[in-house]
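Visitor: here are the coordinates; sequence isn't available:
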């Protein structure tokens, strides 16, 4: 008889459930590989900056755009006037208002300089890695090898030490989301809220994480937590309203509008996006098609609020990427890649438990659900 692991959700799972989960993981792996191979001769699922993209020195595309805006702000120009001029002059849309990024990151580069801001972003990434290392080491239920998940996370955060990557809002926001999830405690959410507030101030696309943690507070009937996340939401709404007003003041009727966000690329595009901004981008795409379902399975195996929070964050953004991201929006995956592949550290135990249950293996102890 095998001894049950208290942290592993799949230990002791009903036989039918275990078989269904194994079937789903296998189906996602096979479908991902097949879809990517089938589309190899068609339009690219990931569309990086082309030869006609904006260039500033060695920077290309969005990297060049954000560097140019920050340089103008450093010279004393108003952020919104600078952003409008650069986006208008280089063929970027200005409608709707969210096509103009929030000003915090540009002001950071203007105030601290390129090296100073890159160092600050690096510190945020290192803080996220150390916070996860502490979280994985000090959870008494987790196996000792869980701490190595922080190494996987470090590999997928390594790009933050480079200036051109630090210019991208999604890279900074992804590091802050990772930090917030490591700091999150159900009845002490203040540290996580602070990290998320900074993430939302950099890129409003971090808001779904705050909404999720607010839903947890509602589920727990935690009055202070509910008030915290309600205040968070109101502050974010006020910030976006001010941003909308500032962008509207500089937009002209003939400015370009975004073509919309209706990529509908599905699972295969999601896999391609994630692979292209991860540490696995140097390997064939089919490798990521195999690893991503295993990483999600690993997070799903961690019984407890932290594992559930990371899993739901991954699923929320996976749905967004599958439904809305166009091929040139692949960088959205940077919001979740820092935490995604760390789930691989739990995958072997998850697969073993599921196989044991599906094949009728017996457990020494049955753990009651909490």
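Guide: That came through, no problem. Here the structure is a predicted model, which means the values were calculated and not measured.

Visitor: the strands in the chain, which residues?
Guide: Using DSSP state E, the strands of the chain run over residues 55-56, 59-60.

Visitor: Which neighbouring elements make contact with the first one?
Guide: The contact analysis (3 or more Cβ pairs under 8 Å, 6 or more residues apart in numbering; DSSP states H and E) places strand 55-56 against helix 62-74. For the C-beta atoms, the positions are set from N, CA and C on the backbone; glycine is no exception.

Visitor: buried stuff in the helix it packs on?
Guide: Across helix 62-74, burial judged by 16 or more other Cβ atoms under 10 Å covers 62-74.

Visitor: Burial-wise, tell me which of the strands of the chain comes out on top.
Guide: strand 59-60 (a mean of 18; mean count of other Cβ atoms under 10 Å).

Visitor: Rounded mean pLDDT for that one, please.
Guide: What strand 59-60 shows for mean pLDDT is 92.

Visitor: Show me what it pairs with in its sheet, parallel or antiparallel.
Guide: In the sheet, strand 59-60 lines up against strand 55-56 (antiparallel) (DSSP bridges).

Visitor: my guess is residue 225 meets residue 187, correct?
Guide: Yes. Counting by Cβ atoms under 8 Å, residue 225 does reach residue 187; the two are 7.1 Å apart.

Visitor: More neighbours: which of those two?
Guide: residue 225 (21 against 9; other Cβ atoms under 10 Å).

Visitor: where's that one relative to residue 148, distance?
Guide: From residue 225 across to residue 148, the span is 32 Å (Cβ to Cβ, to the nearest Å).

Visitor: With residue 235 instead?
Guide: From residue 235 across to residue 148, the span is 37 Å (Cβ to Cβ).

Visitor: Tell me where the model's unsure across the stretch 51-200 of the chain.
Guide: Under the criterion pLDDT under 70, the flagged ranges of the stretch 51-200 of the chain are 51.

Visitor: do the same with the stretch 201-350 of the chain
Guide: Residues of the stretch 201-350 of the chain that meet the cut-off, pLDDT under 70, do not exist.

Visitor: what about residue 215, how many neighbours?
Guide: Close neighbours of residue 215, defined as other Cβ under 10 Å, add up to 12.

Visitor: For residue 305, see how far away it is.
Guide: The value you get for residue 215 to residue 305, if Cβ to Cβ is used, is 12 Å.

Visitor: what's the answer for residue 121, then?
Guide: Residue 121 sits at a distance of 28 Å from residue 305 (criterion: Cβ to Cβ).

Visitor: related to what we said a few turns ago, so can I have TSV of the buried residues of helix 62-74 showing distance to residue 159?
Guide: Shown next, in TSV, are the buried residues of helix 62-74 (distance: Cβ to Cβ, whole Å):
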residue	distance to residue 159
62	14
63	12
64	17
65	18
66	15
67	16
68	21
69	21
70	18
71	22
72	25
73	24
74	23
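
Visitor: which one of those is nearest residue 195?
Guide: Nearest to residue 195 among the buried residues of helix 62-74: residue 66, at 21.9 Å, using Cβ to Cβ.

Visitor: and the spatially closest residue to the closest one that is not a sequence neighbour, what does it touch?
Guide: Leaving aside its chain neighbours, residue 66 sits nearest to residue 167 (4.5 Å; criterion: Cβ to Cβ, 6 or more residues apart in numbering). For residue 167, the contact set (Cβ atoms under 8 Å, 6 or more residues apart in numbering) comprises 59, 62, 63, 66, 67, 70, 105, 109.

Visitor: distance of residue 167 from residue 342?
Guide: Remark: distance between residue 167 and residue 342 (Cβ to Cβ) = 25 Å.
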